[in-house]
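Undergrad: how does the following fold in three dimensions:
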Amino acid sequence: MALDHNAPILIVDDYATMIRIIRNLLKQLGYDNVDDASDGTEALERLREKPYQLIISDWNMEPMTGYDLLRHVRSNEQTARLPFIMVTAESKTENVIAAKKAGVNNYIVKPFNAQTLRGKIDTVFGA
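TA: Below is the predicted model of the structure:
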């Protein structure tokens, strides 16, 4: 089942330019219902306010990393099954393994384009 184009998506990144880039890529793919948070703590607040269909989160953020956010999301009954795509600048094997063990649905290494993002979303949603 593909991700509905009206589905709310949450982008989490401490770098405003990256949020803009991902937001623009999502817009190119037809997704306009996009919110953002500048770190994991803010993302958890957003998740309490609104049900999202997908989280796209950076790995490296302060004070709460994307990995810590993923662990929080997976440990909460309401969000445990929420699709989660991790974005990172480095594809360290140990990070990929840690993220997979923590329950990440997919992984994107920067830089990436709209086609790569579409492919990752389609994979997560089994389209």
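Undergrad: now stretch 85-92: buried residues?
TA: For stretch 85-92, a neighbour-count test (16 or more other Cβ atoms under 10 Å) marks 85-88 as buried. Where C-beta positions appear, they are placed from N, C-alpha and C, glycine not excepted.
Undergrad: show the end-to-end separation of it, please.
TA: Terminal residues of stretch 85-92 are spaced 16 Å apart (Cα to Cα, to the nearest Å).
Undergrad: list of residues touching it?
TA: Residues from elsewhere that reach stretch 85-92, judged by Cβ atoms under 8 Å, 6 or more residues apart in numbering: 13, 18, 22, 54-60, 66-67, 70, 95, 99, 104-110, 112, 120-121, 124.
Undergrad: so of the residues you listed, which ones are in strands?
TA: Secondary structure defined by DSSP state E assigns 54-58, 106-109 of the contacts of stretch 85-92 to strands.
Undergrad: turn those residues into JSON lines, including distance to V34.
TA: Below are the ones in strands among the contacts of stretch 85-92 laid out as JSON lines (distance: Cβ to Cβ, whole Å):
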{"residue": "L54", "distance to V34": "10"}
{"residue": "I55", "distance to V34": "11"}
{"residue": "I56", "distance to V34": "9"}
{"residue": "S57", "distance to V34": "13"}
{"residue": "D58", "distance to V34": "15"}
{"residue": "N106", "distance to V34": "17"}
{"residue": "Y107", "distance to V34": "20"}
{"residue": "I108", "distance to V34": "16"}
{"residue": "V109", "distance to V34": "21"}
